[in-house]
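**Q** Sequence below, structure please.
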Amino acid sequence: MPVALSDHEVYATTSVGVAERLGREMFGAHRLRVGGPDRGDFLASMHAVRFRDVTMAYVDFVAETRIDAERLPDDYTVFMAMNGDSRTTNLGRVAGTNSVTAVVPAPGTEALMEWSSHSPHLVIRIDAEPLNLHVTRLIGHSLDRPVHFDLQLDMSPDSANRWSAAIQLMHSELFHPDSLLHLGVGTGPLEEFVMSALLFCAPSNYSSWLARPSHTPGRRAVRLALEFIETHLSEPITITDIAAAAETGVRSLEKGFHDDLNCTPTGYLRDRRLERARHDLIDACSTDFLTVTDIAVRWGFTHLGRFASNYRHRFGESPSQTLRS
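**A** Next up is the predicted model:
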């Protein structure tokens with residue numbers, strides 16, 4: 001078990017029924033069947049830490065276990081065997097996990113997982129909406145369909161080292177008490193690195209887009225505008241500033257955003273600021289003495305009533321509810 005997770009036990013039980021109930025967060029609605037010569041050793045346990053949009057977990061059943069998932073959760077989940085092996089059947093495909101391969105089953109689908117005895121898995125889960133939004137920012141236009149990964153992830157090529165590095169960085173930040181993560185900063189960039197590592201290592205329906213050099217097809221003005229917005233989110237920028245950075249006129253920029261992202265430049269800027277404000281509200285702790293007003297102003301929202309209204313519309317709860325959660 002990763003040392004950083006050892007003090008973060010979520011559950012441990014020798015009851016198959018209880019394991020099914022407690023494991024719904026990880027596997028959705030599912031049935032467990034235990035077999036093999038070690039069936040008497042069955043012990044279902046999970047240790048996990050949720051960062052913000054990414055969760056790191058360690059799941060073990062000890063005995064040989066078959067997991068029949070009727071419908072997996074709607075998030076992206078990478079299963080990596082830390083010992084032994086397993087086999088996953090998903091959407092008519094079969095793939096195994098071992099020391100050099102992992103599986104990424106499709107979110108919200110039926111899956112069969114067969115884990116050998118003594119084959120605990122390290123699991124990385126990424127919330128679906130943030131990952132799809134991250135792809136939108138990387139490729140510079142809205143997605144016509146959600147990201148869909150190939151079932152098997154080969155971790156043996158040198159190109160997959162970035163995925164291993166991302167996991168090691170997550171563990172290091174979690175383990176060391178003086179890390180940036182524990183200081184309340186760096187969670188966003190860390191999670192974006194994890195998402196990027198998966199996207200550039202695991203084959204998906206957007207791999208060809210992600211592999212294109214930045215100077216090849218795509219609306220150059222929109223890409224420049226997105227880069228400018230990302231680096232100036234906390235500054236009082238206007239659409240004129242964005243257009244100037246994109247080396248185009250305001251009307252041309254608005255048309256490009258409409259065609260590629262189905263939104264306006266100012267609407268995109270507002271949504272990104274709302275996302276950053278939400279991250280700060282989630283990360284804030286009682287010792288920070290931060291208020292909703294502090295965070296709203298930090299991200300350029302000077303009209304607090306409008307900020308609260310837009311925030312509730314975007315996330316389904318008020319800023320103060322997020323801060324208190």
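**Q** what's the span of stretch 134-146 from first residue to last?
**A** Length of stretch 134-146, first residue to last, C-alpha to C-alpha, to the nearest Å: 11 Å.
**Q** now stretch 29-49
**A** 21 Å.
**Q** What residues of that stretch count as buried?
**A** Neighbour counts using 16 or more other C-beta atoms under 10 Å place 30, 32, 34, 42, 44-49 of stretch 29-49 among the buried residues. Heads up, the C-betas are built off the backbone N, CA and C, glycines and all.
**Q** before we move on, what about stretch 120-140?
**A** 120-128, 130-140.
**Q** on that earlier part again, out of the buried residues of stretch 29-49, what pair is the most spread apart?
**A** Greatest spacing in these, by C-beta to C-beta: 34 and 49 (27.0 Å).
**Q** from the chain's centre, how far out does stretch 61-79 sit?
**A** 18 Å (C-alpha atoms, centre = their mean, to the nearest Å).
**Q** Show the average pLDDT along it.
**A** Regarding stretch 61-79, the rounded mean pLDDT is 96.
**Q** and the end-to-end length of that stretch?
**A** Start-to-end, stretch 61-79 (C-alpha to C-alpha) is 14 Å.
**Q** In contact with residue 117, which residues?
**A** With contact set as C-beta atoms under 8 Å, 6 or more residues apart in numbering, residue 117 has these partners: 36-38, 41, 62-64, 84.
**Q** Go ahead and flag the most central residue of this structure.
**A** Nearest residue to the geometric centre of the chain (C-alpha atoms, centre = their mean): residue 126, 2.6 Å.
**Q** Against residue 41, how distant is it?
**A** Distance of residue 126 to residue 41, computed by C-beta to C-beta, to the nearest Å: 32 Å.
**Q** again with residue 224
**A** Distance from residue 224 to residue 41, by C-beta to C-beta: 59 Å.
**Q** in the stretch 201-325 of the chain, what spans have low per-residue confidence?
**A** Filtered on pLDDT under 70, the stretch 201-325 of the chain yields the residue ranges 212-218, 285-288, 325.
**Q** now the farthest one out in the chain, which residue is it?
**A** Max radial position in the chain (C-alpha atoms, centre = their mean) goes to residue 37, at 37.2 Å.
**Q** which ones are touching residue 6?
**A** residue 47.
**Q** tell me which of the contacts of residue 117 is nearest to residue 205?
**A** The closest of the contacts of residue 117, once distances to residue 205 are taken by C-beta to C-beta, is residue 84, at 30.7 Å.
**Q** The closest one is in what secondary structure piece?
**A** Using DSSP states H and E, residue 84 falls within no helix or strand.
**Q** and if you look at the one 5 residues further on?
**A** In this assignment (DSSP H and E), residue 89 forms part of strand 86-90.
**Q** So which elements touch that strand?
**A** strand 93-97, strand 101-103, strand 111-115 (3 or more C-beta pairs under 8 Å, 6 or more residues apart in numbering; DSSP states H and E).
**Q** any chance of the ones you listed in a markdown table, with mean neighbour count and distance to residue 230 too?
**A** Output for the helices and strands packed on strand 86-90, formatted as a markdown table (neighbours: other C-beta atoms under 10 Å; distance: least, C-beta to C-beta, whole Å):
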| stretch | mean neighbour count | distance to residue 230 |
| --- | --- | --- |
| strand 93-97 | 17 | 35 |
| strand 101-103 | 24 | 30 |
| strand 111-115 | 21 | 35 |
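**Q** Nearest to residue 147, out of these?
**A** Nearest to residue 147, of the helices and strands packed on strand 86-90 and by C-beta to C-beta, is strand 101-103 at 15.5 Å.
**Q** Let me see the mean pLDDT of the closest one.
**A** Mean predicted confidence for strand 101-103 is 95.
**Q** now what about it, what contacts it?
**A** 78-81, 86, 88, 90, 95-97, 151-156.
**Q** which two from the residues you listed end up farthest apart in space?
**A** 90 and 156 (21.1 Å).
**Q** between the two, who's got more neighbours?
**A** residue 90 (19 against 9; other C-beta atoms under 10 Å).
**Q** can you tell me how far that one sits from residue 100?
**A** For residue 90 relative to residue 100 (C-beta to C-beta), the value is 19 Å.
**Q** cool, and residue 274?
**A** 41 Å.
**Q** Pick out whichever of these two has more residues nearby.
**A** Set residue 274 next to residue 100 and count neighbours by other C-beta under 10 Å: residue 274 wins out with 20 against 13.
**Q** where do the helices sit along the stretch 201-325 of the chain?
**A** Using DSSP state H, counting those that start in this stretch, the helices of the stretch 201-325 of the chain run over 207-210, 220-231, 239-245, 250-261, 265-283, 292-298, 304-315, 319-324.
**Q** Which of the contacts of residue 117 sits closest to residue 253?
**A** residue 84 (54.0 Å).
**Q** give me every residue that touches that closest one.
**A** 98, 115-119.
**Q** Can you pick out the most distant pair from these?
**A** Most distant of the contacts of residue 84, by C-beta to C-beta, are 98 and 117, 14.4 Å apart.
**Q** Identify the residue spatially nearest to residue 60, adjacent ones excluded.
**A** Of all residues not flanking residue 60 in the chain, residue 120 sits nearest, at 3.7 Å (C-beta to C-beta, 6 or more residues apart in numbering).
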